[in-house]
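K.L.:
what's the 3D shape of this:
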Amino acid sequence: MKITAPTFLALACLTVLSAAAQEIPADRLITADSAGVVKLGMTIAQVREAVKPATISRTSDGEGIALVQVSLGEVPLISLYAGEEDPAAAINEEAAVEFIEVWSADYKTAGGVHPGMVLSEAEKQYGSVRGIMVSEIESREYAEFSNEPPGMTFRLNNDAGTAGIYGEGEMRTTRYAPAATILTVSVSGLHIMADGTIGGLKIGSSQDEVKAVAEGVQLGVPSKGEDVVWEAIGQAVQTWTYAAAGLTINMVSDQPGGVKSVFSIALEGPSTLKTGEGIGIGSPKDEVVKAYAGFRTEAEEAEGFFEGQDVHLVGSIYGGMVFTFTDGKVSRIFFGASAE
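P.N.:
Numbering: from 1, shown residues only. Here you go, the predicted model:
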């Protein structure tokens, strides 16, 4: 097998991360669906038993959301959201954990990133900061890394002010204060719209990233359709078709002629491109189901939507990846919103 430079770098990164993970105790390792012994989907009763001698108690955040806090003595370790609505109500022991936020520096990701770490040090593990955004209502700041692990969110802090350095009226930046640190690491599980890829492209990938991928695997020059506004989303969409590669990408911008990014992707034969989980045209159905078992799926709205078709939905019809099968093998892959 010929090992290209990107492949070599990826293998090197995996080796480093694997070694780091081996040094972190399992009961303090943060993954895409867990923080130590606490996993998404566990009931609060199961959490209570698993975290002993740590204890759990009712808590809330600044927006009044009902949370459960895991503490060791008076030191908070993690907080959990389990779908409860009333912060004044007793803890529902049968409620299932949907979201985990890690506060303790004792917990680390496989790359060694943890709460309290200086942001510039985290960049050494996950690559440069692609963006820092501040939430409009809570004014919380979050960082996105160029190579961040799936299923996690990194909230920032700076005791001397904002972590990000923003221009007038800006809510997003790539610049940050030297004292900016990771405040918490949150775990929400694998979400297809955030973590899924086809041929290395994600929903939201820039037009330059699309061109780079096309050049890298020699897809050729795409034919481009009319750049028109879709009333359903209020933005301009242009279809880029790489016919010989079986690839069609809908590119979106705020207005016709604007800078575009990926809105949806469709893959058909004779394409040899693969998804991030190694699935392509011709893959057997059982391999698809196994490969995407760890991703969250909301199939309720899909009832009757794909009537008469043999499909496997990952995510939801409002944002997901749909695998269509012919004779038990993948014949088409669609990534994006199937319904508005």
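
K.L.:
switch to C-alpha atoms for all contacts and neighbour counts from now on
P.N.:
OK.

K.L.:
quick check on the residue of the chain most remote from its centre: phi, psi?
P.N.:
Distance from the C-alpha centroid of the chain peaks at Gly73, with 33.0 Å (C-alpha atoms, centre = their mean). Main-chain torsions, Gly73, degrees, to the nearest 10: phi 70, psi -120.

K.L.:
excluding chain neighbours, what is closest to it?
P.N.:
Ala54 (7.1 Å; C-alpha to C-alpha, 6 or more residues apart in numbering).

K.L.:
same question, Gln125
P.N.:
Gln125's closest residue in space is Gly111 (C-alpha to C-alpha, 6+ apart), at 6.0 Å.

K.L.:
low-confidence ranges, the chain, go.
P.N.:
1-22, 340 (pLDDT under 70).

K.L.:
hey, where'd the helices end up in it?
P.N.:
5-23, 44-50, 119-126, 192-195, 207-216, 285-291 (DSSP state H).

K.L.:
quick one: buried residues of the last one?
P.N.:
Judged by neighbour count using 16 or more other C-alpha atoms under 10 Å, the buried positions of helix 285-291 are 285, 288.

K.L.:
kindly export that helix (C-alpha atoms) in PDB.
P.N.:
Extracted C-alpha coordinates of helix 285-291, given in PDB (Å, rounded to 0.1, in the frame of the first residue of the first chain):
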ATOM      1  CA  LYS A 285     -26.200  -2.700   4.500                       C
ATOM      2  CA  ASP A 286     -25.000  -4.500   7.700                       C
ATOM      3  CA  GLU A 287     -21.600  -2.600   7.400                       C
ATOM      4  CA  VAL A 288     -23.500   0.700   7.200                       C
ATOM      5  CA  VAL A 289     -25.600   0.000  10.200                       C
ATOM      6  CA  LYS A 290     -22.500  -1.100  12.200                       C
ATOM      7  CA  ALA A 291     -20.400   1.800  11.100                       C
END
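
K.L.:
for that helix, give me every contacting residue.
P.N.:
Helix 285-291 is contacted from outside by 277-279, 312, 325, 328-330, using C-alpha atoms under 8 Å, 6 or more residues apart in numbering.

K.L.:
grab the nearest non-local neighbour of Leu273.
P.N.:
Nearest to Leu273 is Gly199, by C-alpha to C-alpha, 6+ apart, at 5.2 Å.
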